[in-house]
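Asks: Below is the sequence, then the predicted model.
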Amino acid sequence: IAQSMLPLGALLRQQEAPHGMTAWQLGAIVEEVEPLADGTLRVVQNGPNLAAVQLSGKHKDSDYRLTISLARGSRQISFDLDVNWLERGEPQTGVPVLRACFPVNVTEGKATFEIACGSIERRADGEEAPALNWADVTGMSWEDVDQEIGVTVLNDSKYGHRVSEDTVQLTLLRSSYDPDPLPEIGRHQIRYAVVP
């Protein structure tokens with residue numbers, strides 16, 4: 001899936017290739033699908049102070065319900081994910097991963113991550129990196145090469161981020177299989193947001 005073609009906040013269900021030490025090491029991505037590409041969309045709030053839609057669906061063994069909302073006067077788009085994650089990692093098939101993807105129309109993007117007592121700029125190379133409550137990509141606009149733009153992805157409980165020059169991905173769930181064979185199985189409520 002071309003990241004730049006995805007809608008802002010799209011969920012990606014990825015599969016890592018089988019490898020050892022899965023709780024500590026990430027594997028190469030060998031498969032990627034949008035689990036809610038054929039989901040059902042309905043309006044759940046229609047203003048005047050809050051607009052919200054809910055996208056729901058099932059993919060493989062997991063059920064998803066993603067509510068996307070925007071409050072009047074706010075620049076923050078909020079995402080509330082309710083997922084019953086039943087994906088299992090196995091030595092034969094690899095590690096299932098769920099990420100939220102935020103493509104941005106920028107070039108030469110720089111990655112900044114919140115760390116304890118401040119922030120740090122790292123290479124925007126698409127490698128997984130830790131952050132506390134936010135990660136940011138900022139670069140030059142495709143439309144106006146003199147204008148710097150970007151997005152900050154906020155969250156309240158997740159720490160893995162992949163930032164490339166034009167995309168931020170937030171790792172939501174990852175089902176490693178060793179030493180714990182079922183580390184993420186069950187219902188999860190995950191909140192995150194994006195601010196331009």
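Replies: Received, thanks. Numbering: from 1, shown residues only.

Asks: for R99, what are its contacts?
Replies: 11-12, 14, 162, 169-172 (CB atoms under 8 Å, 6 or more residues apart in numbering). For glycine as for every other residue, the C-beta is placed from the backbone atoms N, C-alpha and C.

Asks: low-confidence ranges in this protein?
Replies: 1-4 (pLDDT under 70).

Asks: Next, name the residue at the spatial heart of it.
Replies: Closest residue to the average C-alpha location of the chain: A100 at 1.9 Å, with CA atoms, centre = their mean.

Asks: wait, doesn't it sit right on L170?
Replies: Yes: A100 is within contact range of L170, at 4.6 Å (criterion: CB atoms under 8 Å).

Asks: between the two, what contacts are shared?
Replies: 153, 192.

Asks: ok, back up a step: let's have the contacts of R99 in CSV, adding neighbour count, distance to L41 and secondary structure.
Replies: Converted to CSV, the contacts of R99 look like this (neighbours: other CB atoms under 10 Å; distance: CB to CB, whole Å; DSSP: H, G, I helix; E, B strand; the rest coil):
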residue, neighbour count, distance to L41, secondary structure
L11, 24, 13, strand
L12, 20, 18, strand
Q14, 21, 23, strand
R162, 21, 26, strand
Q169, 24, 22, strand
L170, 26, 21, strand
T171, 18, 25, strand
L172, 23, 20, strand
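
Asks: want to try a markdown table for the residues you listed, with distance to D38 as columns?
Replies: Output for the contacts of R99, formatted as a markdown table (distance: CB to CB, whole Å):
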| residue | distance to D38 |
| --- | --- |
| L11 | 12 |
| L12 | 15 |
| Q14 | 18 |
| R162 | 25 |
| Q169 | 21 |
| L170 | 22 |
| T171 | 23 |
| L172 | 20 |
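
Asks: Identify the farthest-apart pair in those.
Replies: L11 and R162 (14.2 Å; CB to CB).

Asks: For the closest residue to L132 other than its chain neighbours, the count of nearby residues, please.
Replies: Sequence neighbours aside, E114 is the residue nearest to L132 in space, at 4.5 Å (criterion: CB to CB, 6 or more residues apart in numbering). For E114, the tally of surrounding residues (other CB atoms under 10 Å) stands at 18.

Asks: ok, now E165?
Replies: 17.

Asks: Kindly report the same for D178.
Replies: For D178, using other CB under 10 Å, the count is 14.

Asks: do you know how far it is from L172?
Replies: Distance, D178 to L172, using CB to CB, to the nearest Å: 21 Å.

Asks: swap in E32?
Replies: 14 Å.

Asks: now stretch 189-196: how far from the chain's centre is it?
Replies: Centroid separation for stretch 189-196 versus its chain: 9 Å, with CA atoms, centre = their mean, to the nearest Å.

Asks: Please point out which parts of that stretch sit buried.
Replies: 190, 192-194 (16 or more other CB atoms under 10 Å).
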